[in-house]
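S.K.: sharing a model that was predicted from the sequence below.
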Amino acid sequence: MSIYVGNLSYEVNQEDLNEVFTEYGTVKRVHIPSDRETGRPRGFAFVEMESEANEDKAIEALDGAEWMNRQLKVNKARPREDRGGGGRNNRF
């Protein structure tokens, strides 16, 4: 499972998030999606931690917390929805 972290400053990088979430346990992975056209961060990230218990602690502590002049939105990431369409081989 992973954690969704929203309302991030565009200045945030992987090291920043790793540092914050390490306080709640071992961080396995940090992913900050970027805009395809501009390469600019999109203002949210996904953090994977070693255990679900550590993820729960981080969510409880950080959801609604102010960081870098923004109020964080932190919760369990939902599975990615299959949006369908868009591909050339899609004949619907």
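M.R.: Cool, the structure landed. Nothing here was measured: the structure is a model prediction, and the numbers come from that model.
S.K.: so what's Gly43 closest to, chain neighbours aside?
M.R.: Closest residue to Gly43 apart from its sequence neighbours, by Cβ to Cβ, 6 or more residues apart in numbering: Leu8 at 5.3 Å. Where you see a C-beta, it was placed from the backbone N, CA and C, and this is true even at glycine.
S.K.: SS state for the one you found?
M.R.: With DSSP: H, G, I helix; E, B strand; the rest coil as the basis, Leu8 sits in coil.
S.K.: residues in contact with it?
M.R.: Leu8 makes contacts with 32, 41, 43-45, 68, 70, 72, as judged by Cβ atoms under 8 Å, 6 or more residues apart in numbering.
S.K.: and it, how far is that from Val20?
M.R.: For Leu8, the distance to Val20 (Cβ to Cβ, to the nearest Å) stands at 11 Å.
S.K.: tell me the contacts of Val74?
M.R.: 3-6, 58-59, 62-65.
S.K.: mind running it again at 10 Å?
M.R.: 3-7, 21, 47, 55, 58-65, 67 (Cβ atoms under 10 Å, 6 or more residues apart in numbering).
S.K.: cool, and His31?
M.R.: 2, 14, 17, 44-48.
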